[in-house]
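K.L.:
I would like the atomic coordinates for the input below:
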Amino acid sequence: MGKNKTIKTDIFISGGGVPGFLLASLLAQSGFDVTIADPAPCNPYDPATPDGRTAALMERSIEAFINVGAWAHCKDHGADLQTLRIIDDSQKSAKSPTQIDFKASEIARARFGRNVPISAMRAALYDVAQKHANIHILSEGLYDFTTEDNSVRARTDSGTEITARLIIGADGRHSPTRKIAGIECKTHDYGRAAITCLLSHTQDHEYISTEFHRPSGPFTLVPMPGQTSALVWVDTTDNIEAFMRLPRGAFIDMIQTNSRDILGSVDLISDPLSWPLKMLKAKRLTAPRTILIAEAAHVLTPLGAQGLNLSIRDATILAAHLTEAARSGQDIGTKIVLDGYEAKRRHDMSLRVMGTHSLMQMVTQDSAAVSSLRKMGLKTLDKLPAIKKMLMNEGLAPQSL
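P.N.:
So this is what the prediction gives:
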């Protein structure tokens, strides 16, 4: 592609992660001409070289993958989540720590969702998008854009110029779209980081996702196919940095100890990855002919598996909103259309951001009083089935939409 290449399109999406490619396919199905740009190459998924980054997709998210024809290409790389188990592990000396199980069968469901490698999701969505006649994919990043009364003029870092009616930023927590549009955001640094990796183990996980609540952060084992699981290990930033420097054997020994041997003997399948945990919430979702979705608009901690599902709701609701606006004869880039999207998403986003923020604060407080409250809360919740069911249903299918 030459540096003087020019493209005219209906909608320009900056960011080709899972939300960006999903949104592109949903919009293309509605007849929009879409250009999507991301500098990161999208390679076919290779299960022989996993990277440990997975996400639990709830049923509504799975439906979105099915609707664009991507689910069949990635579902077999994941495993169902039938039980969510929380164990208060604040006292290592406790032989029988407080535990509560949330079972999908309690709310008449076969599963809460399915845990799938993020790279497998992206590869499946890319494969669908690149076959669609209405989607043009650029392996380039957004450099700049300006908005006019009736259009957006964008330029990539390779010099390609794009004219569109609307630009959508799906370009992550460091979103260039957000920065260029001048949209400010609220952030919070937890002083925590997370490690992810894939593990093999000698005992079956029985489709149970187990989350140990520890003073420095949760330690979670999430089912994957066969006798394998994904680990999400949260601790102080200093501790995580120290863990990442450990020799392989010592690192595995720490996982073995923290897992309380519930999966038998464990071993590493993938090299561990780590990243800092921060909360981010954009103060606005829109600017002139500009919309933010996914991590350009909100970044959550991994607790509760809400992050990617929230981003997928952004994409599905935005696609439906723009389709409805176009069918009624509206210019999709006007303020009234953009305000309509913001009104539809603001409450759900705020609720999820603040909910996971509060949960993170609660499970990382290292004090005897907070530890006692956690234990009391788990024991009480287990005796209140109606509230327990309400929490499970809200986590799966939010009523705040």
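K.L.:
helices or strands next to the helix or strand containing R60 in the packing?
P.N.:
Assigning secondary structure by DSSP states H and E places R60 in helix 59-68. Applying 3 or more Cβ pairs under 8 Å, 6 or more residues apart in numbering; DSSP states H and E, one finds that helix 59-68 makes contact with helix 18-29, strand 113-117, helix 118-130, helix 307-327. C-beta: built from backbone N, CA, C; applies to glycine.
K.L.:
next, the angle from the shortest one to helix 18-29.
P.N.:
Looking back up the chat, that one is strand 113-117. For strand 113-117 against helix 18-29, the angle between stretch directions is 110 degrees (axes from the mean of the first three to the mean of the last three Cα atoms, to 10 degrees).
K.L.:
same for strand 113-117, what does it pack against?
P.N.:
strand 54-58, helix 59-68, strand 79-81, strand 219-224.
K.L.:
so how far is it from its chain's centroid?
P.N.:
Relative to its chain's centre, strand 113-117 lies at 11 Å (Cα atoms, centre = their mean, to the nearest Å).
K.L.:
quick one: residues in contact with it.
P.N.:
45, 50-51, 53-59, 61-62, 74-75, 77-81, 209, 222-224, 230, 305, 396 (Cβ atoms under 8 Å, 6 or more residues apart in numbering).
K.L.:
show me which of those are buried.
P.N.:
45, 50, 53-58, 61-62, 74-75, 77-81, 209, 222-224, 230, 305, 396 (16 or more other Cβ atoms under 10 Å).
K.L.:
so where is the stretch 51-200 of the chain shaky, pLDDT-wise?
P.N.:
Counting by pLDDT under 70, the ranges of the stretch 51-200 of the chain that qualify are 91-96.
K.L.:
the stretch 251-400 of the chain now?
P.N.:
304, 357-400.
K.L.:
tell me where it has helices.
P.N.:
With DSSP state H, counting those that start in this stretch as the criterion, the stretch 251-400 of the chain has helices at 307-327, 335-363, 368-382, 385-396.
K.L.:
how close does A343 sit to L285?
P.N.:
10 Å (Cβ to Cβ, to the nearest Å).
K.L.:
the two: who's more crowded?
P.N.:
Neighbour count, other Cβ atoms under 10 Å: between A343 and L285, L285 has more, with 26 against 11.
K.L.:
coming back round to it: distance to L268 added to the helices and strands packed on strand 113-117, as TSV?
P.N.:
Output for the helices and strands packed on strand 113-117, formatted as TSV (distance: least, Cβ to Cβ, whole Å):
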stretch	distance to L268
strand 54-58	15
helix 59-68	28
strand 79-81	18
strand 219-224	13
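K.L.:
follow-up on the earlier one: pipe the helices and strands packed on helix 59-68 into CSV and attach mean neighbour count and distance to D10 per row.
P.N.:
As requested, these are exported to CSV (neighbours: other Cβ atoms under 10 Å; distance: least, Cβ to Cβ, whole Å):
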stretch, mean neighbour count, distance to D10
helix 18-29, 27, 8
strand 113-117, 24, 30
helix 118-130, 23, 15
helix 307-327, 21, 9
